[in-house]
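Trainee: Next comes the sequence, and after it the predicted model I'd like to discuss.
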Amino acid sequence: RIYTFFNPSDHDRNETAELFIWDWPLTEGWKMTDENGNSVPFAIVDGGFNSYWSHYFAKALVKIKVPAMGYTCINLTKSDGTVSRLPELGYISYREDVTDDNLVLENDLVRVELDTVTAEITSFYDKRQKKEFCNSSVNGSGSFRLITEATNRYMTAWRVGRYMNIEPIMKNLTVTMTENFALRKTISVDGDFANSHINYKLSLDKDSPALKITCTCDWHEKGTKESGVPQLNFLFPLEFPVDKYIYNIPFGMIERNELNLDQVGNSFIYGIDKEDENGSGMMLFSDCKYGFRGYDNSISISLIRSSYDPDPDPEKGKIEFTLALVPFESKSAKALVDAAYDLNNPILSVCQNPREGSMPMTYSFIKAEGDVSVSSVKADEKTGKDIIVRLYNPTDKDSDAKLICFKNAKEAIYCSPLEIETAKKAECSGNEISVLVKANSFETIIVKF
């Protein structure tokens, strides 16, 4: 079978991706190879019979390189070597005693420690910077909290009230190391609080500084004027002093002072180390929540709120979301934007049977160079052959950017946001297009082939 992995980002990526193998007995054993026949590292992390789909499956992790806005294919074939059966693949040995007081997720870049009782993050150490990011002295550090908001502001669906009570969710939790593979290590946390149930996994991939937190919360809290508005919240206290926080906004970034109120961010808040001239810090990312708070040397996010007006019972049942904590060595706007985009857009795979084709096994359609990010690529409705590319500069300096296309361009024309051509043209040289994007602004160009 051929697996094609797609990268939607405007830059090359080399990371761990997931794939599913359906209806191919694991007892036969497998191997994965790239276009040159070289072995590709992978691990089977789950499998069996899926009762919903009524098919057998195996879930695999694979370390894959995929070019910008392009794809890479790998071959899945029968292995000639020793067969590994599912019970042996899940590394966890129940004969092996855990001697450390804390559970640890570690790779070559970072080391994260969790308390085995409370599931608090007690340490987040960046090996590259030799720097600790977590202030473990704060109660509920790196964990979820149940907050009760005051109700004196009315219209609670749109207004986050003053915090009246904060209770970290740290009791009666089951904390277990569930995956410990070379490509991914995972700790699972499961427990009840108030009237609800929470289950979340903290995962660290090989060669990645990002600690991903995937959560499913079965929420059954109810807000009233008398009792207040219950809120699920996540807090990460920082080890260094912070007076400025970066939030990403449409087509850019904004730096804000600390404020004990939720403020909007497209997908992240970034706490900047006040004493570091490079602006190192920690990003708190979310794939679907937008109320971030930078205050008191900490970063937090509002996740679920049971407001009571105008809808008296708006939140109930299972709610899923993904968070991530990512340390950086500087406050580079381009690096922050790229990391957030990658977290929001994982590498996807499609399985096909082998067949003849004219395209290579690895290919890139568009790549951006310089301090710019590609916001969108679409066909020109007028011709159906040309493409329209919108790109933006999230930095505070003008950028001479370059777009590298999949084939030579005849010309590239600047156009308005409504895609109306102007008289201004971008310089083309073969498949490379030079575009000037001013600081904190965006440009739209039509590329004609």
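Mentor: Done, it's in.
Trainee: Helix, strand, or coil at the residue positioned nearest the centre of the chain?
Mentor: With distances taken as CA atoms, centre = their mean, the residue of the chain nearest its centroid is Leu343 (2.2 Å). The assignment at Leu343 comes out as helix when based on DSSP: H, G, I helix; E, B strand; the rest coil.
Trainee: Confirm for me that it is in contact with Pro209.
Mentor: No - shown here, Leu343 and Pro209 do not form a contact pair, counting by CB atoms under 8 Å, at 11.5 Å. Using the backbone N, CA and C atoms, a C-beta is placed for each residue, glycine as well.
Trainee: What are the boundaries of the strands in the stretch 151-300 of the chain?
Mentor: Along the stretch 151-300 of the chain, the segments classed as strands by DSSP state E, counting those that start in this stretch run 163-168, 173-180, 184-193, 196-205, 211-219, 229-237, 244-249, 252-257, 263-264, 268-272, 281-286, 291-294, 298-305.
Trainee: Of the ones you listed, which is nearest Thr444?
Mentor: Closest approach to Thr444 among these is made by strand 252-257 (15.6 Å; CB to CB).
Trainee: Could you name the helices and strands sitting against that closest one?
Mentor: strand 244-249, helix 333-344 (3 or more CB pairs under 8 Å, 6 or more residues apart in numbering; DSSP states H and E).
Trainee: now for the ones you listed, which one comes closest to Gly271?
Mentor: Comparing those against Gly271 with CB to CB, the closest turns out to be strand 244-249 (5.7 Å).
Trainee: Quick one: work out the angle between the closest one and strand 298-305.
Mentor: With axes from the mean of the first three to the mean of the last three CA atoms, to 10 degrees defining the directions, strand 244-249 sits at 40 degrees from strand 298-305.
Trainee: Show me what strand 244-249 packs onto, helices and strands only.
Mentor: Packed against strand 244-249, as judged by 3+ CB pairs under 8 Å, 6+ apart, are the following elements: strand 252-257, strand 263-264, strand 268-272, strand 291-294, helix 333-344.
Trainee: ok, it: who's next to it in the sheet?
Mentor: Sheet pairing here is set by DSSP bridges, and for strand 244-249 it gives strand 252-257 (antiparallel), strand 268-272 (antiparallel).
Trainee: what is the mean pLDDT for that strand?
Mentor: Computed over strand 244-249, the mean pLDDT rounds to 96.
Trainee: What of stretch 212-224?
Mentor: Mean pLDDT, stretch 212-224: 97.
Trainee: What of stretch 32-48?
Mentor: The average pLDDT within stretch 32-48 is 90.
Trainee: okay, that stretch in CSV with CA atoms only?
Mentor: The C-alpha atoms that make up stretch 32-48 are tabulated as CSV, following Å, rounded to 0.1, in the frame of the first residue of the first chain:
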residue,chain,number,x,y,z
MET,A,32,7.9,1.1,5.7
THR,A,33,10.2,2.5,3.1
ASP,A,34,10.6,5.9,1.3
GLU,A,35,10.9,6.5,-2.4
ASN,A,36,14.6,5.4,-2.4
GLY,A,37,13.9,2.2,-0.5
ASN,A,38,15.3,3.5,2.8
SER,A,39,13.6,2.3,6.0
VAL,A,40,11.2,4.8,7.7
PRO,A,41,11.0,4.6,11.5
PHE,A,42,7.5,3.7,12.7
ALA,A,43,5.7,2.2,15.7
ILE,A,44,2.4,0.4,16.1
VAL,A,45,0.7,2.0,19.1
ASP,A,46,-2.8,0.5,19.0
GLY,A,47,-4.9,-2.0,17.1
GLY,A,48,-7.5,-4.7,17.1
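Trainee: neighbours of Ile198, just the number please.
Mentor: For Ile198, the neighbour count with other CB atoms under 10 Å is 20.
Trainee: ok, now Asp12?
Mentor: For Asp12, the tally of surrounding residues (other CB under 10 Å) stands at 14.
Trainee: hang on, the earlier thing: now tabulate the helices and strands packed on strand 252-257 in JSON lines and tack on distance to Ser373.
Mentor: Conversion of the helices and strands packed on strand 252-257 to JSON lines gives the following (distance: least, CB to CB, whole Å):
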{"stretch": "strand 244-249", "distance to Ser373": "11"}
{"stretch": "helix 333-344", "distance to Ser373": "5"}
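Trainee: any weak-confidence spans in the chain?
Mentor: With pLDDT under 70 as the threshold, the chain has low-confidence stretches at 26-28, 81-102.
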